[in-house]
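Student: Got a predicted structure here, sequence first:
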Amino acid sequence: MGKKGLIVYYSLDGNTEYVVNKLLEKNNFDIIKLSPKKDITEKGLLKYFWGGSQVFMKKMPELNDYNKTINNYNTIIIGTPVWAGNFTPAIRSFLVKEQENLKNKKIYIFACFDGNSGKTFKKFEEFIDKNSIISTLGIKSCIKNKENNNKIIEEWIKQIII
Ligand SMILES: Cc1cc2nc3c(=O)[nH]c(=O)nc-3n(C[C@H](O)[C@H](O)[C@H](O)COP(=O)(O)O)c2cc1C
């Protein structure tokens, strides 16, 4: 098993990616950026309707290949935006694909949102054993409120043991 941790994330508008880059300033992680073969292209309100309906329908978009083996890592950080009070469809595809490989890992989860995190963290427990989830972090208005959030992210990463 490698000593490096792995960050797996999806980000449509850059907020989740902003947090990933903050985490990378503090520690050396390998990265998987999940990208659906067909991603959302709608703008404005249609983006919310399309994204929200994908979540409600539990869609699992086909992902572009990522050349990393989950089993090589003990510690995995998963980052997602909150969509319709839940994690994003690309994360669902990942969790379904890797469910077996995510057993007996130390999992940390963060979620970016603008209102509240809804049921996002609870929903992960459908795929990941609750006892494997070491800690979760919800971050409101990630980029817009970055001065404040930078401190929160730095505090959080301190307790991540790889
Ligand atoms: C389709 C869609 C649905 C969303 N649903 C919620 C929601 O239910 N609750 C919330 O607080 N924010 C919601 N948001 C806001 C995003 O969670 C927030 O802007 C997040 O920072 C985006 O992350 P990203 O820039 O990494 O894509 C939604 C955004 C989109 C595009």
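Tutor: Perfect, I can see it now.

Student: Spit out the contact partners of the residue sitting nearest the centre point of the chain.
Tutor: Central residue of the chain (Cα atoms, centre = their mean): Gly79, 1.9 Å from the mean position. If you count contacts by Cβ atoms under 8 Å, 6 or more residues apart in numbering, Gly79 has them with Ile7, Val8, Tyr9, Tyr10, Ser11, Thr16, Val19, Val20, Ile109, Phe110, Ala111, Cys112. Glycine gets a C-beta too; all of them are placed from N, C-alpha and C.

Student: how many neighbours does the nearest residue to it once chain neighbours are set aside have?
Tutor: Counting by Cβ to Cβ, 6 or more residues apart in numbering, Tyr9 is the residue found nearest to Gly79 once chain neighbours are left out, at 3.6 Å. Tyr9 has 24 neighbouring residues, counting by other Cβ atoms under 10 Å.

Student: With Leu45 instead?
Tutor: Using other Cβ under 10 Å, Leu45 has 8 neighbouring residues.

Student: Looks to me like it is in a strand.
Tutor: No. Read with DSSP: H, G, I helix; E, B strand; the rest coil, Leu45 is helix and lies in no strand.

Student: Quick check: chain neighbours aside, which residue is closest to the closest residue to the ligand within the chain?
Tutor: Per Cβ to the nearest ligand atom, Gly51 is where the chain lies closest to the ligand, at 2.3 Å. Of all residues not flanking Gly51 in the chain, Trp83 sits nearest, at 5.0 Å (Cβ to Cβ, 6+ apart).
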